[in-house]
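Undergrad: make a model of this:
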Amino acid sequence: KFMTEESLQRLQQWVASFEGGTFEGPPLLSDDEREKVRRVGLVLWHSRQHSQKIMLHAYAALFGIPAFIREAHRRQPGRFSTDILFHAVQNTASNMWQAFYFDFDEHDRAIPRTTTPLTGVLNVLHGPHPIPNTPPRPRISDLAMAFFAFQIIRAVEHLARQRGIHDEALFEHHYRHLARLVQRAGYRFPNDRRQAEALALEVDAQLAKDDPECVACWRNLLRVAQRLGTPLSAEQLASFLLPHERRYFEAAMLARSSSPAPLALQCAEEDG
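TA: Next comes the predicted model:
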């Protein structure tokens with residue numbers, strides 16, 4: 001436990017050196033800039049189901065880090081129970097595609113929008129400025145947000161490549177846009193992608209653990225995928241995860257001969 005706390009402090013200091021940290025709200029873009037961002041989003045977040053699949057992958061990576069699960073439980077007990085997680089995946093996916101200036105109509109057709117709600121959503125849920133007359137919610141740490149935001153980016157690119165999209169310029173535009181939104185929402189996130197990659201690998205190396213809470217959350221995530229009607233197997237998730245958390249995931253979720261690990265209370269399902 002001491003080593004975990006020491007690693008957390010060191011990683012938090014690293015994240016403190018990244019850009020951002022002041023809430024500024026959505027950037028002001030010209031019509032041309034907004035249209036370019038929209039085209040990026042339409043390619044990479046192109047349907048409701050695909051967007052939800054992106055978020056399922058990103059949450060799977062988050063769930064490989066027990067320190068981040070516990071941080072979330074301190075903010076909201078039961079945060080990753082199946083029912084709450086089901087709505088979290090839907091809502092986060094919706095916020096993400098809307099962050100690229102489009103939405104879906106009642107027939108699932110993409111339609112343009114002129115504002116992005118993402119920075120506002122992050123601020124309302126986790127930022128320093130509470131809603132009037134509403135108790136402020138504890139804020140997501142910069143470290144957890146930086147890790148999760150980069151897992152979203154990784155998931156976007158991972159699934160895009162499976163669809164035959166290998167446009168590095170497109171990926172770079174996507175990274176820059178999301179980095180800017182996260183920064184303007186008051187969180188620290190690097191402009192240099194190599195820093196985000198290095199941080200993610202170090203978090204995986206230092207904080208990924210064999211933990212029953214991780215197993216419980218991964219199981220709930222697969223239940224959520226079923227409820228969403230999104231085809232997703234444990235093998236598909238394993239292929240996305242970072243090296244250390246992948247090893248724990250495969251041992252817990254893919255080893256046929258192993259007995260199920262006990263579910264942690266805050267992630268566990270209740271029978272009946």
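Undergrad: quick check, Lys53 in contact with Leu159.
TA: Yes - in this structure, Lys53 is within contact of Leu159 by CB atoms under 8 Å, at 6.4 Å. (C-beta placed from N, C-alpha, C; glycine too.)
Undergrad: gap between Phe171 and Phe249?
TA: From Phe171 over to Phe249 the distance is 25 Å, taken as CB to CB, to the nearest Å.
Undergrad: so these two - more neighbours on which side?
TA: In this view Phe171 and Phe249 are compared by other CB atoms under 10 Å, and Phe249 has more residues nearby, 24 against 19.
Undergrad: report the contact partners of that one.
TA: Contacts were defined as CB atoms under 8 Å, 6 or more residues apart in numbering; by that measure Phe249 touches Ala60, Gly64, Cys214, Trp218, Ala234, Leu237, Ala238, Leu241.
Undergrad: quick one: stretch 150-169 to chain centroid distance?
TA: 14 Å (CA atoms, centre = their mean, to the nearest Å).
Undergrad: hmm, who's touching it?
TA: 43-45, 50, 53-55, 57-58, 61-62, 96, 171, 174-175, 178, 196-197, 199-200, 240.
Undergrad: just the buried residues from the contacts of Phe249, in ChimeraX please.
TA: Restricted to buried positions by 16 or more other CB atoms under 10 Å, the ChimeraX selection for those reads:
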select :60,64,214,218,234,237,238,241
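Undergrad: tell me where the chain has helices.
TA: 2-15, 31-44, 48-62, 66-75, 82-98, 118-126, 142-162, 168-184, 193-207, 212-228, 234-240, 243-249 (DSSP state H).
Undergrad: reformat those helices as a markdown table; add distance to Ala255 and mean pLDDT.
TA: A markdown table is the format used below for the helices of the chain (distance: least, CB to CB, whole Å; pLDDT from 0 to 100):
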| stretch | distance to Ala255 | mean pLDDT |
| --- | --- | --- |
| helix 2-15 | 25 | 88 |
| helix 31-44 | 34 | 96 |
| helix 48-62 | 17 | 97 |
| helix 66-75 | 19 | 94 |
| helix 82-98 | 23 | 93 |
| helix 118-126 | 36 | 60 |
| helix 142-162 | 23 | 97 |
| helix 168-184 | 34 | 95 |
| helix 193-207 | 20 | 98 |
| helix 212-228 | 11 | 96 |
| helix 234-240 | 11 | 97 |
| helix 243-249 | 10 | 97 |
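Undergrad: Asp105: which of these is closest?
TA: Asp105 lies closest, by CB to CB, to one member of those: helix 48-62, at 11.1 Å.
Undergrad: from the contact counts, what lies against that closest one?
TA: helix 82-98, helix 142-162, helix 212-228, helix 234-240 (3 or more CB pairs under 8 Å, 6 or more residues apart in numbering; DSSP states H and E).
Undergrad: any chance of these in CSV, with distance to Phe68 too?
TA: Listed next are the helices and strands packed on helix 48-62 as CSV, based on distance: least, CB to CB, whole Å:
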stretch, distance to Phe68
helix 82-98, 14
helix 142-162, 5
helix 212-228, 10
helix 234-240, 17
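Undergrad: nearest to Arg10, out of these?
TA: helix 142-162 (10.2 Å).
Undergrad: buried ones in that closest one?
TA: So, applying 16+ other CB under 10 Å, buried residues of helix 142-162: 142-160.
Undergrad: Arg75 - nearest residue in space that isn't next to it in sequence?
TA: Of all residues not flanking Arg75 in the chain, Pro138 sits nearest, at 4.4 Å (CB to CB, 6 or more residues apart in numbering).
Undergrad: next, count neighbours for the one you found.
TA: Neighbours of Pro138 (other CB under 10 Å): 11.
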